[in-house]
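Asker: Based on what follows, work out the 3D shape:
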Amino acid sequence: SKREDWKTLLLLWGGVAAILFLIFGEMLFHLGSFFFGYVGDGLTPYYVTSYQLQFGESASYQGMHYPYGQPLPLVAFPLLIWVLQGIQVFVDVVPYIPGILNYSMILSYFITAHVLYLLFRKSLLPPYLAVLFALLTTFLSPQVARLTGHYSLAYSFFIPLMWYCLIQYVEDDFSLKYLGLYIFVGVLGTFLHPYYAYFTLFFIGAMWFIHSIQARTFDWGKGVLALGSSLIPGLLLVLYMAVSWDGNTDYIDTPYGLGVYVAGFEGIFLPHLEPYWTWWNQVLGIRELTFEGYAYVGLTGLLLLFF
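Answerer: Residues are numbered from 1 along each chain as shown. Sure, this is the predicted structure:
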């Protein structure tokens with residue numbers, strides 16, 4: 001019944017609020033008073049957003065001496081900046097930038113949990129089990145760690161929302177309505193972080209690949225339309241960056257990190273937090289990895305590797 005549905009959702013949202021309070025405590029009421037990160041990627045978005053609202057007259061960021069004239073997707077999230085620029089016309093939001101960024105990330109976990117709940121209900125889990133697993137998945141997601149310094153990936157609802165749109169797309173006989181909704185979510189995500197352009201193409205490509213194997217045929221009309229449409233977020237991003245680039249070529253020829261920040265078996269299949277890391281190290285003598293190489297898929301992933 002609708003009453004039962006509301007009771008379940010209130011339990012879900014209450015669970016999210018309780019976990020957030022357990023993690024942050026009184027800080028939740030003062031999120032405008034501090035930064036989540038104090039160096040590098042954790043510091044840049046606060047200043048880039050503030051600068052663009054006050055002085056930004058182009059689509060590139062010109063607030064640093066080097067690199068000068070960076071396209072916005074490389075230093076901040078254009079989607080949020082555009083929204084705030086619209087609000088800035090009526091209300092000065094610059095003094096509240098830290099709070100706006102921090103609260104937007106924190107509140108996004110309510111959306112994440114809600115979408116995951118819908119996904120678990122689609123998987124025929126009972127309501128209260130769906131609530132439990134939605135909460136666990138939300139707060140055990142590796143994207144939670146992005147809160148300390150990679151904010152554009154901290155909005156963890158985009159991937160489950162894209163999956164939900166894909167499920168609706170398949171169940172509605174590959175309708176244009178849900179394909180359009182999927183692409184729209186992909187575009188929004190892409191202008192928070194360029195990775196989502198790849199995710200948009202990959203998810204629907206994987207779905208059509210598996211569907212073709214199961215059906216033993218490929219619907220060329222709907223399949224090509226879907227795969228072609230999934231290129232839209234990436235094409236819009238490339239177009240935006242081409243327009244916003246000011247022609248500056250003052251970049252180093254060999255960016256650092258390509259051969260250093262790599263993942264390995266240890267970072268993917270073994271937990272890197274204590275006390276587990278020390279135990280695995282004593283048993284297997286595993287090597288130390290840089291933090292960028294941590295991509296732990298969980299115990300289930302390790303078990304599936306062997307079974």
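Asker: So, low pLDDT: which residues of the stretch 1-150 of the chain?
Answerer: Residues of the stretch 1-150 of the chain meeting the criterion pLDDT under 70: 1-2, 4, 66-67.
Asker: any idea which residue sits dead centre in this protein?
Answerer: Central residue check for the chain by CA atoms, centre = their mean: the C-alpha nearest the mean position is that of Leu153, 3.7 Å away.
Asker: What does the pLDDT read for that residue?
Answerer: pLDDT for Leu153: 84.
Asker: Spatially nearest residue to it, not counting backbone neighbours?
Answerer: Spatial nearest neighbour of Leu153, excluding adjacent residues (CB to CB, 6 or more residues apart in numbering): Arg146 at 4.3 Å. In this view, the C-beta of every residue, glycine as well, is placed from N, C-alpha and C.
Asker: ok, now which ones touch the residue nearest to the centre of the chain?
Answerer: Neighbour list for Leu153: Gln143, Arg146, His193, Tyr195 [criterion: CB atoms under 8 Å, 6 or more residues apart in numbering].
Asker: nearest to Leu80, of these?
Answerer: Minimum distance to Leu80 across the contacts of Leu153 is 11.2 Å, recorded for His193 (CB to CB).
Asker: Look at that closest one and say how many residues are nearby.
Answerer: 20 (other CB atoms under 10 Å).
Asker: Let me see the contact set for it.
Answerer: Per CB under 8 Å, 6+ apart, neighbours of His193: Pro73, Phe77, Ser152, Leu153.
Asker: Swap in 6 Å and give it another go.
Answerer: Ser152, Leu153 (CB atoms under 6 Å, 6 or more residues apart in numbering).
Asker: got it, and Tyr294?
Answerer: Gly267, His272.
Asker: From Asn281, how far off is it?
Answerer: Distance, Tyr294 to Asn281, using CB to CB, to the nearest Å: 14 Å.
Asker: do the same with Phe218
Answerer: Taking CB to CB, one finds Phe218 at 48 Å from Asn281.
Asker: packing partners for the longest helix seen in the chain?
Answerer: Criterion DSSP state H: the longest helix present in the chain is helix 97-122. Here helix 97-122 touches helix 2-24, helix 44-54, helix 127-140, helix 158-171, going by 3 or more CB pairs under 6 Å, 6 or more residues apart in numbering; DSSP states H and E.
Asker: Compare these and give me the one nearest Tyr103.
Answerer: Of these, the one closest to Tyr103 (CB to CB) turns out to be helix 2-24, at 11.1 Å.
Asker: Backbone dihedrals for Pro71, please?
Answerer: With angles defined as degrees, to the nearest 10, Pro71 sits at phi -60, psi 140.
Asker: Could you say which helix or strand holds Val238?
Answerer: helix 232-244 (DSSP states H and E).
Asker: ok, Val283 to Leu304 distance?
Answerer: From Val283 to Leu304 the distance is 21 Å (CB to CB).
Asker: Settle it for me: which of those two has more neighbours?
Answerer: Leu304 (11 against 8).
Asker: Pipe the helices and strands packed on helix 97-122 into a markdown table and attach distance to Gly228 and mean neighbour count per row.
Answerer: Converted to a markdown table, the helices and strands packed on helix 97-122 look like this (distance: least, CB to CB, whole Å; neighbours: other CB atoms under 10 Å):
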| stretch | distance to Gly228 | mean neighbour count |
| --- | --- | --- |
| helix 2-24 | 37 | 13 |
| helix 44-54 | 33 | 20 |
| helix 127-140 | 32 | 18 |
| helix 158-171 | 15 | 20 |
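Asker: Sweet, I'm off.
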